[in-house]
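Trainee: everything below, folded, please.
(chains A and B, ligands or ions: 2)
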Amino acid sequence: MQFNRRRSNHRVESHPVGLGLADGLGSEGSTPTSDGPTAVPVSVSRRNVLKKLGAGGLAVAAPALGLGAMVKPENAQEDRPALGPRGRVRQWGMIIDLRRCDGCQSQGTPPQCTLACIEGHLAPEPMEWIEIYENEMSGGGTQFLPTPCQQCENPPCVNVCPVAATYSQPDGIVAIDQERCIGCRLCMAACPYDRRFFNWGTAPVPPEALLADYSPAHQVPAKRGTVMKCDFCTDLVRAGSLPQCVQACPQDAIYYGDLEEDIATNGVEVVGFQDYLTRNNTYRLKEDLGTRPRVHYIPGHGEDVGRDPESTGRLPTEWPWADRAKGAVTWER
Amino acid sequence: MGEVTESPKVHPGTGESAWDDRLDEHVIAPVKRAGRGYVLWLVGLSAMIVWGVFAYSTQVRDGLYVTGMRDRISWGLYISSFVFFIGISHAGTLISAILRVSNASWRTPITRIAESITVVALVTGGLMVIVDMGKPLRLYQMFINGNWQSPLMWDMFAITIYLTASVTYLLVPMVPDLALFRDRLDGRVPRFQWWIYAVFSFGWRGNTAQKKSLTKSISLLAVLIIPIAVSVHTVVSWIFAMTLRVSWNSTIFGFFFVTGAIFSGIAALILVLAVVRRRFHLQEYITSVHFEYLGYLLLTAAMVMLYSNASEYITKGFHASEDDLFAFRELFLTEFAPLYWFYFFGGLVFPILIVAFKRTRNVIGLSIASAFVLVAMFIERYFIVVAGLRVPLMPYEPASYAPTWVEWSVFGAGLALFLLLLTLFTKFFPVLAVWEMKEEHEARMARVPTEHEAVEQ
Ligand code: SF4
Ligand code: SF4
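Mentor: Ligands and ions are numbered 1, 2, ... in the order given. Here you go, the predicted structure:
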């Protein structure tokens, strides 16, 4: 296993097994740069482009703006679930290898997965849809625990939502329709993993977020008074790319895959999903609750990348656009 | 507004006894009188409501950001007061219905007030939950996209049904009394007000057929409303119990909430009765006996509350998972300990003692006890909500919560609205079930007086 490879290695150029994840990567025009996640947030020079844009040019220029799949192409098919090679609906899942997660301590940066997620989703401060908790271990020391929404198969949040604004998709992803959410926050009380975030005020997001076509698949732009959470990057995946966090992890600790086709990848190697679970003694968080998460963990504390469990603390996450968003407020979690 | 001078006219030609006439006058009196204190009271309450509306407008402008709630403690004062007011609503209907079904005749003079508390508290409680929503204008979504799996959906239906039922249950037994107002106040009150009495007395003439169908509908309603009321507070508790949080996910929650509702309901009833009886000089009808009996009910409810507390905490304490221990430590020893022990001693033990001793079992004693119960039950709702949410779900520092001025103001407005509606009700509608009292009085008179009563007369 290799570590600390550069970003460009994360491209899954053409995959022999045909995960389908690779097919559209780069084809959206979001060519990965050599040192950043695929969907690069808008840079200053691009703001000029933004000004010149007419509504018609938006779809074309959207990838350049970092909006990626967030602007609907003419023949949008995003309501159709992704299908595997045998025509069955894909069942997305994740494996997180804690042996390789060091909370990006060795990089000397805040967790890269969280950062990529924030930038890719234009997520408002202080939302960390994938959050790195630091968990005490029984024998002392700590482990880092990257925690996206667990995409529960028996999701308490879906069960309690009075208007079905939170719902389970055929592909196993739990999504939120912020155009329907009434902001009752019952789902936040119900989620046992602290994975839901509320837009308490007008959230700080970059101005270009307002250009995106809203869809539950990417939740941009954020809407005040509604709930948000990790969406497993279903729009990126539909476009043939891996989720932001998977792409960004310098240690390749996160695998994303299809339980139906029984295959998963961290962008470098491809593994059999079930087989990998068994071989690595994976577990799921709070399994006794019966939520049946789709996120599996391989026990560890970063030992594979040389982390000492006593070296506690990770750098705090920063949101790049807090000061660029006019009239917006931030809050503590 | 009813500026008719006080003139105890005896209505001519009805052939009613002197007792009946006096009762009529007593009940009609509030409609005619509007003292300075009363006006001040109304102005004060309205000011509180206006201030609350202003506070809420800042919330509409800036979002729930202006509250103290955040992701990890995502409910606070609003939801606590929602639970509290819905609890108070059990004062009326449930108590009056249970007493009616069990033929406890002493209930007659207090039922009307009890039932009005129910309606008013339900309206206020319902508003408190809407105030808590991030997108209140989308409420209609619950009707077009409702998810039957959601406890909040059950809640909405239970509360709507309960509101309908208790308005009916308030209105139906009031028909003959509204007819009394219609007949006696014609021309003495503004036209619109009289018109209300006329419409809602549904052409009541008091003939035998009407009386028969009235009695029938009342007993049917009384039986129906008990399960509805019980279900309401059960599903309110299920908003909490149906989540997987350690402090909430418990089978006792439904029972616990219903008991708490009845408990706080009785306290509210005692307090309102004490005020109404003093203000409207109804000491003759609402006697110390009523307070004594209500005191016994309060005592019973307090005992059941103690029992539920013991049952819940001892079971959980024996299990003593890490989260249970965290919750217990916060509740009994640290963060919420002052609140909890106030609730325990001030809200449960103290009222029990007040009722237990004959010397304190009087109107004043019971009013004080009830005030304590109400405060304590509000606190209980608060720490159930907030302390329950504070138990960390993942390895993070426990979040903290303190209501902001906006939340306090909106809560204050809720309280003011509750009192205002109640005041207006007692002002414009018959606060006693006059016709029932008359009937009972007649029955009492017709009976051969027992030795005891004979001596009294
Ligand atoms: S806050 Fe929104 S998503 Fe959550 S339960 Fe309420 S309506 Fe559903
Ligand atoms: S982790 Fe929480 S938000 Fe995600 S599906 Fe499970 S209950 Fe819902």
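Trainee: next, the residue in the stretch 101-250 of chain A positioned nearest to chain B: secondary structure please.
Mentor: Among the residues of the stretch 101-250 of chain A, A:Gly183 lies closest to chain B, at 2.0 Å counting by Cβ to the nearest Cβ. Where you see a C-beta, it was placed from the backbone N, CA and C, and this is true even at glycine. Local secondary structure at A:Gly183 is given as coil here, using DSSP: H, G, I helix; E, B strand; the rest coil.
Trainee: that one against A:Thr226, yeah?
Mentor: Yes. If you go by Cβ atoms under 8 Å, A:Gly183 and A:Thr226 touch, sitting 5.6 Å apart.
Trainee: if I look at the residue of the stretch 101-250 of chain A closest to chain B, how far off is B:Met153?
Mentor: 15 Å (Cβ to Cβ, to the nearest Å).
Trainee: do B:Trp51 as well
Mentor: Following Cβ to Cβ, the distance that separates B:Trp51 from B:Met153 is 33 Å.
Trainee: what do you get for A:Ala203?
Mentor: Taking Cβ to Cβ, one finds A:Ala203 at 28 Å from B:Met153.
Trainee: rewinding a little: need phi/psi at the residue of the stretch 101-250 of chain A closest to chain B.
Mentor: Dihedral pair for A:Gly183: phi 70, psi 30, per degrees, to the nearest 10.
Trainee: OK, contacts around it?
Mentor: A:198, A:225-227, B:64, B:133-136, B:138 (Cβ atoms under 8 Å, 6 or more residues apart in numbering or on different chains).
Trainee: in CSV, list those along with distance to A:Ala164 and pLDDT.
Mentor: Output for the contacts of A:Gly183, formatted as CSV (distance: Cβ to Cβ, whole Å; pLDDT from 0 to 100):
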residue, distance to A:Ala164, pLDDT
A:Phe198, 18, 96
A:Gly225, 18, 94
A:Thr226, 14, 96
A:Val227, 13, 96
B:Leu64, 22, 95
B:Met133, 16, 95
B:Gly134, 16, 94
B:Lys135, 15, 94
B:Pro136, 18, 94
B:Arg138, 13, 94
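Trainee: which of these lies closest to ligand 1?
Mentor: A:Val227 (4.5 Å; Cβ to the nearest ligand atom).
Trainee: and B:Phe350, what does it touch?
Mentor: Counting by Cβ under 8 Å, 6+ apart, B:Phe350 has contacts B:369, B:372.
Trainee: ok, 10 Å please
Mentor: Counting by Cβ atoms under 10 Å, 6 or more residues apart in numbering or on different chains, B:Phe350 touches B:302, B:342, B:344, B:368-369, B:372-373, B:376.
Trainee: swap in B:Gly76?
Mentor: By Cβ under 10 Å, 6+ apart, B:Gly76 lies in contact with B:64, B:67-70, B:132, B:382, B:385-386, B:389, B:401-404, B:407, B:411.
Trainee: got a pLDDT number for the residue lying closest to it once chain neighbours are set aside?
Mentor: Here the nearest residue to B:Gly76 in space, its sequence neighbours aside, is B:Met69; by Cβ to Cβ, 6 or more residues apart in numbering or on different chains that works out to 4.8 Å. B:Met69 is assigned 96 on the pLDDT scale.
Trainee: wait, B:Met69 sits on A:Trp200?
Mentor: Yes. With contact defined as Cβ atoms under 10 Å, B:Met69 and A:Trp200 form a contacting pair (7.5 Å).
Trainee: what sits in contact with each of those two?
Mentor: Counting by Cβ under 10 Å, 6+ apart, the contacts common to B:Met69 and A:Trp200 are A:Trp331.
Trainee: which residues of the stretch 101-250 of chain A lie near ligand 2?
Mentor: A:149-152, A:155-157, A:174, A:191, A:193, A:195-196, A:229 (Cβ under 6 Å from any ligand atom).
Trainee: now, those that are in strands?
Mentor: A:Val174 (DSSP state E).
Trainee: please indicate which of the residues of the stretch 101-250 of chain A next to ligand 2 are buried?
Mentor: Neighbour counting with 16 or more other Cβ atoms under 10 Å in any protein chain shown marks A:149-152, A:155-157, A:174, A:191, A:193, A:195-196, A:229 as buried within these.
Trainee: any idea what A:Asn135 is bridged to?
Mentor: Taking DSSP bridges as the rule, A:Asn135 bridges to A:Gln143.
Trainee: can you pull the contacts of it?
Mentor: Contacts of A:Asn135 (Cβ under 10 Å, 6+ apart): A:98, A:141-145, A:147, A:301, B:394-395.
Trainee: any idea whether the residue in the stretch 201-350 of chain B that ligand 2 sits nearest to is helix, strand or coil?
Mentor: Going by Cβ to the nearest ligand atom, ligand 2 is nearest to B:Leu244 of the stretch 201-350 of chain B, at 8.7 Å. Using three-state DSSP, the structure places B:Leu244 in coil.
Trainee: check contacts around the closest residue to it other than its chain neighbours.
Mentor: Distances taken as Cβ to Cβ, 6+ apart place A:Pro192 nearest to B:Leu244, at 4.7 Å, with adjacent residues excluded. Contacts for A:Pro192 (Cβ under 10 Å, 6+ apart) come out as A:150, A:152, A:156-157, A:285-286, A:289, A:291, A:293, B:243-246, B:249, B:393-394.
Trainee: using PyMOL, define a selection of the buried residues within the residues you listed.
Mentor: To isolate the buried ones among these in PyMOL, judged by 16+ other Cβ under 10 Å, type:
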select buried, (chain A and resi 150+152+156+157+285+286+289+291+293) or (chain B and resi 243+244+245+246+393+394)
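Trainee: how does chain A divide into domains?
Mentor: As assigned by automatic domain parsing, chain A contains the domains A:21-79, A:92-305.
Trainee: quick check: end-to-end length of the longest one?
Mentor: To tie it back to what came earlier, the one meant is domain A:92-305. Domain A:92-305 has an end-to-end distance of 27 Å (criterion: Cα to Cα, to the nearest Å).
Trainee: buried sites along the helix or strand hosting A:Tyr276?
Mentor: Using DSSP states H and E, A:Tyr276 maps to helix A:273-279. For helix A:273-279, the buried set under the neighbour-count rule, 16+ other Cβ under 10 Å, comprises A:273, A:276-277.
Trainee: picking that back up, return the member of the contacts of A:Pro192 nearest to ligand 1.
Mentor: Nearest member of these to ligand 1, counting by Cβ to the nearest ligand atom, is A:Cys157, at 6.7 Å.
Trainee: which residues touch that closest one?
Mentor: Applying Cβ under 10 Å, 6+ apart, the residues near A:Cys157 are A:149, A:166-168, A:174, A:176, A:186-193, A:195-196, A:227, A:229, A:291, B:243.
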